[in-house]
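[1] model the structure of this input:
(chains A and B)
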Amino acid sequence: MTDAGSFLDKEYPYGFVTPVDADAAPRGLNEDIIRFISKKKDEPEFMLRWRLKAFAGWKKMKEPAWASLKYPPIDYQDIIYYSAPRSKKDGPKSLEDVDREILETYKKLGIPLEEQKRLAGVAVDAVFDSVSVATTFKEKLKEYGVIFCPFSEAVRAHPELIEKYLGSVVPVTDNYFAALNSAVFSDGSFCYIPKGVRCPMELSTYFRINAAEIGQFERTLIVADDDACVSYLEGCTAPIRDKNQLHAAVVELVAHDRASIKYSTVQNWYAGDREGRGGIYNFVTKRGLCRGQRSRISWTQVETGSAITWKYPGCILKGDDSVGEFYSVAVVNNHQQADTGTRMIHLGKGTKSTIISKGISARFGKATYRGLVKMLPNAVNARNYTQCDSLLIGDRCGANTFPYIEVENRSSRVEHEATTSRIDEDQLFYCRQRGMSADNAVSMIVNGFCKEVFKNLPMEFAVEASRLLGVTLEGSVG
Amino acid sequence: MNDTPELQPYVDAYEKLSPQRLKEPDWFRVMRDEAMRSFLDKGFPKRGDEAWRYTDLSAVTGARFIVEPMTSRFVSGGVRFLKPSLKANFLFFINGQFQPHISGIPAGVRVIPLPEAGNDEGFRRAITRLFTDEMDSLQSLNFGLGMDGVFIDVPDGAAPDCPFYVIHWSDAHGALCQPKILLAAGTDARVALVEDFRGAEGKMYFSNTFTGATLAKGAAVQYYKIQSESRASCHTAAMKALQEEGSDLLSVSLAIGGKIARHTLSVKFGGAGAAARVLGLSLGADRQVLDHVTGIDHASPGCKSDQLFKSILAGAARGVFTGKVLVRRGAQKTDAHQSSKNLLLSETAKADARPQLEILADDVKCAHGAAVGQLEEDPVFYLRSRGIGEKEARRILAAGFANEVTDAIPLESLRELAGVRTDEKLGEMEAEA
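    Sure thing, here's the model as predicted:
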């Protein structure tokens, strides 16, 4: 068998730094920094007020300590809250205006921004540090009435939509990291699908942290009006740095009557080195509101990166007969820690939710599933099915499962199952006997373990996810 | 130190007990001091405490209890009527006080009342092992202020022919009953312990009990608890078992009475190849809150734990289950299974389940499951189609659901008793369904 060390040779392929001039805010956080960000973004007055309210709330809050995560305290005054590639006065008007270096970056990452070369059907919003640098296929989307643009642009062009929906799912003081994000978020993507429109292509945002010592705080808001339908992809990478960097994002989804939103993430932030140095601290608040009847929100996530992941994408099932889904694969290797799961809050009659969570821990990794399923008294005939499986590779890793089940009416049914085991020796032996290498055998078994989640990813993402899984776990079985 | 005025009566009570405490050996006094300090530090559990997320103890924290021994309206012999008709060594407690003169002690086993146990080496060994800093504040309160109890010492290889049956009777309004039952099972010993909690209806008292068992190599212990306290009372009980190599524990807990009742069971495997089978049944009616907490600590390899907790809830009752399985590093070949099943009979009943796995070893088989729902309509229809009335059909099905727990009791006479108590309660709950 290969020795466990061979994993070391597999470098994080996205760990390069792009040499671009950056326009950054001074280090630290106070009201002036917030005013600075708001001014940089040329925001209307209501946004600044909103941010300051969030900041005031944040100052009163305490960093949550309940997660099964160990990390040194974060000095929030030692972070640069805004960094933008220095570009022409009003930002790039078209792709030609985007900095060559940045275009190259995205090319290296495999995210071509040049539309003509695009694989059919994915519109990309690329976020570089604190700003969105390019959005593709804008014109085509416009024909359908779909708004897909950087958040800062949406604040200026569609303030009425922003004012209506921003913070409607994740209130400013929802939690410590959401409040921080609300105060200092700089960019992100906004997407609005009008009534009855099926979005003609997949929408995608690609997040890249480039500058050192900055925190990335982006905000995504997706609104699907009645009968609308959209599939959205999110990807992320960062350079290799010794120092931990903070990423605190907020994603809000709103689905009106019969609307459907599918949100897929492949999270591959830099995870730190073999000894656990460096890596991204990923504290993310993601929540969807199934506001209308028979609406549907589906989260699919593949978490392979980040030194620390703290993330609980959830659904509030308010509309009658609405549906929430959560499919997750979390892989932790080396010294990575992930505390992730979901919250399904059933308010409406006949609401349904499905949770499939797969955790894979290798070497010193620690993966925790933490989930809440709550059936409120009015959620008559609501239904939940949860399955959480953990796979352990090596005797130094850990896996926790902490589900919370709260049922307040008798007609609803909740089922939860969880298992923890290691890769079956017999399966490994069977594969090896047929001439497969240990790595390939592990990769194949793990992919099989994750199949139920991968099949919910859009095709290209599924391929990437499965490949990523193989790379992440390479050499973990010795 | 926690400076809340609600704790002052406990500080005063501790002072008042000092003449009695002074009679105890030094090591015991140190332990009490430590426990009391820990209790005063932490105070009573608060609503915001994660461990008490679903169970509100404010009825206890707000009330004034009397720590001194309280007399019963019975002359102590009178409680003999509580004796169920089965063969056992009966030990009586009234309002938390041991009644040695009416208790039966078989030959070959030492049963020592706690106030006299201080100089006993076996007692010292058992209690110091059971007293750890992992205890919650209520257990600390028991160790700090609880003066009475018994120590049951079953020597190596002994197997008393019938169970020890402890009857706890409480009938004094405002009493704080804090007995301790300690059981030391020697190598290859086999012993069964039953605790039956009864109370005078309408009396508001607080039972905060501690039961500890140490199982030496190859010992087999059966522990049964039937909790039928007064419906105005609060009941918080901790059961802790320390298991050595190859020992075997069966624990069954029935929660029937009490306004607020929590049973906390913790098992620690300190030797390889030990096994624990742990079951619980909560039957909640009215506005009862019945809470089961378990913690199985797989600190040694090759151990097996199997948990089944069920609740049937009517009225506006709340059933809570929190179960944790911890598999420590190096505890390979662990087999842990846990299941929580909850049946809601009324619109206003609530069920909360938190099955938790914390696993730090890889060669393990661990699984948990939880389910909440109502009675299936098909079986009801099946029974009705055979001429059984709707109500009766539902009662049969609920009883069948409960029987999975009581059927695990191998002692026939006790299984029957548990069945009778279960049926009584289900009859009451029927009205609230």
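[2] which residues touch the residue in the stretch 201-350 of chain B positioned nearest to chain A?
    When scored by CB to the nearest CB, the stretch 201-350 of chain B has residue B:344 as its residue closest to chain A, at 3.6 Å. Heads up, the C-betas are built off the backbone N, CA and C, glycines and all. With contact taken as CB atoms under 8 Å, 6 or more residues apart in numbering or on different chains, residue B:344 is in contact with A:407, A:409, A:410, B:313, B:350, B:351, B:372, B:373, B:374.
[3] residue B:53: neighbour count?
    Close neighbours of residue B:53, defined as other CB atoms under 10 Å in any protein chain shown, add up to 15.
[4] phi first, then psi, for it.
    Torsion angles at residue B:53 (phi, psi; degrees, to the nearest 10) stand at phi -60, psi -40.
[5] do you know how far it is from chain A?
    The gap separating residue B:53 from chain A is 8 Å, by CB to the nearest CB, to the nearest Å.
[6] before we move on, back to that, reformat the contacts of residue B:344 as TSV; add distance to residue B:121.
    TSV is the format used below for the contacts of residue B:344 (distance: CB to CB, whole Å):
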residue	distance to residue B:121
A:407	50
A:409	56
A:410	54
B:313	46
B:350	48
B:351	46
B:372	49
B:373	52
B:374	54
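[7] count the neighbours of the closest residue to residue A:317 other than its chain neighbours for me.
    Of all residues not flanking residue A:317 in the chain, residue A:351 sits nearest, at 3.8 Å (CB to CB, 6 or more residues apart in numbering or on different chains). The number of residues packed around residue A:351, counting by other CB under 10 Å, is 33.
[8] tell me the bridge partners for residue B:293.
    Beta-bridge partners of residue B:293, counted by DSSP bridges, are residue B:264, residue B:322.
[9] list the contacts for it?
    Contacts of residue B:293 by CB under 8 Å, 6+ apart are B:51, B:262, B:263, B:264, B:265, B:321, B:322, B:323.
[10] do residue A:264 as well
    A:231, A:232, A:233, A:234, A:300, A:301, A:456, A:457, A:458, A:461.
[11] distance of residue B:189 relative to residue A:353?
    Distance, residue B:189 to residue A:353, using CB to CB, to the nearest Å: 50 Å.
[12] what of residue B:298?
    Taken as CB to CB, the span from residue B:298 to residue A:353 is 32 Å.
[13] coming back round to it: just the buried ones out of the contacts of residue B:293, please.
    B:262, B:263, B:264, B:265, B:321, B:322, B:323 (16 or more other CB atoms under 10 Å in any protein chain shown).
[14] the last one and residue B:336 touch, don't they?
    Spelled out, it's residue B:323. No. Residue B:323 lies out of contact with residue B:336 (CB atoms under 8 Å); the separation is 10.2 Å.
[15] what sits in contact with each of the two?
    Both residue B:323 and residue B:336 are contacted by residue B:296, under the criterion CB under 8 Å, 6+ apart.
[16] got a list of what residue A:149 touches?
    Counting by CB under 8 Å, 6+ apart, residue A:149 has contacts A:125, A:132, A:135, A:138, A:157, A:189, A:190.
[17] still on that earlier bit, with distance to residue B:240 and pLDDT added, can I get the contacts of residue B:293 in CSV?
    CSV is the format used below for the contacts of residue B:293 (distance: CB to CB, whole Å; pLDDT from 0 to 100):
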residue, distance to residue B:240, pLDDT
B:51, 16, 89
B:262, 14, 97
B:263, 12, 97
B:264, 8, 97
B:265, 8, 97
B:321, 18, 97
B:322, 16, 96
B:323, 15, 95
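[18] which among these gets closest to residue B:59?
    residue B:262 (12.5 Å; CB to CB).
[19] burial count for the closest residue to residue B:106 other than its chain neighbours?
    For residue B:106, ignoring the flanking residues on the chain, the nearest one in space by CB to CB, 6+ apart is residue B:89 at 5.2 Å. By other CB under 10 Å, the residues close to residue B:89 number 20.
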